[in-house]
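Student: Build me a model:
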Amino acid sequence: MSEINDEKLFEYEQEISKIRIEVLKKYEEYNKTMRYLVADAPIETLCLPKAIETILINNGYIRIYDLFDMDFTKIKGLGIVRCRHLTACLDEFFSML
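Tutor: Numbering: from 1, shown residues only. Reported below is the predicted structural model:
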């Protein structure tokens, strides 16, 4: 009898483990989707200094998601200090999510 209960408990724990993995995977997908949806906001949402905002808009970056996977050092007019400021603003924006 105890052997049957142990076997059922083991199967139950395996199923729970599978469900946990599935829930975590779905949560990661949901989190990523939400970040992209929230990032559809205009760059003005970042409250950047006007100079940085103007440089980004002039280079065609009008939404926060436009900045994903960008090498800020390749954007003409953004020096080291402005890149750091932009990165800090993005970090702050995503930390609020």
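
Student: The residue most central in space within the chain is in what secondary structure piece?
Tutor: The C-alpha lying nearest the average C-alpha coordinate of the chain belongs to residue 35 (C-alpha atoms, centre = their mean; 4.7 Å). Following DSSP states H and E, one finds residue 35 within helix 2-38.

Student: swap in residue 51?
Tutor: Per DSSP H and E: helix 50-58 holds residue 51.

Student: then whichever helix or strand comes after that helix to PDB, C-alphas only?
Tutor: Downstream of helix 50-58, the next assigned helix or strand under DSSP H and E is helix 80-95. What follows is helix 80-95 as a C-alpha-only set of coordinates in PDB (Å, rounded to 0.1, in the frame of the first residue of the first chain):
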ATOM      1  CA  ILE A  80      29.500  59.400 -23.700                       C
ATOM      2  CA  VAL A  81      27.600  61.600 -21.200                       C
ATOM      3  CA  ARG A  82      24.400  61.600 -23.200                       C
ATOM      4  CA  CYS A  83      24.600  57.900 -23.800                       C
ATOM      5  CA  ARG A  84      24.900  57.300 -20.100                       C
ATOM      6  CA  HIS A  85      22.000  59.600 -19.300                       C
ATOM      7  CA  LEU A  86      19.900  57.900 -21.900                       C
ATOM      8  CA  THR A  87      20.800  54.500 -20.600                       C
ATOM      9  CA  ALA A  88      20.000  55.600 -17.000                       C
ATOM     10  CA  CYS A  89      16.600  56.900 -18.100                       C
ATOM     11  CA  LEU A  90      15.800  53.600 -19.900                       C
ATOM     12  CA  ASP A  91      16.900  51.600 -16.800                       C
ATOM     13  CA  GLU A  92      14.700  53.700 -14.600                       C
ATOM     14  CA  PHE A  93      11.700  53.300 -17.000                       C
ATOM     15  CA  PHE A  94      12.000  49.500 -17.100                       C
ATOM     16  CA  SER A  95      12.600  49.200 -13.400                       C
END
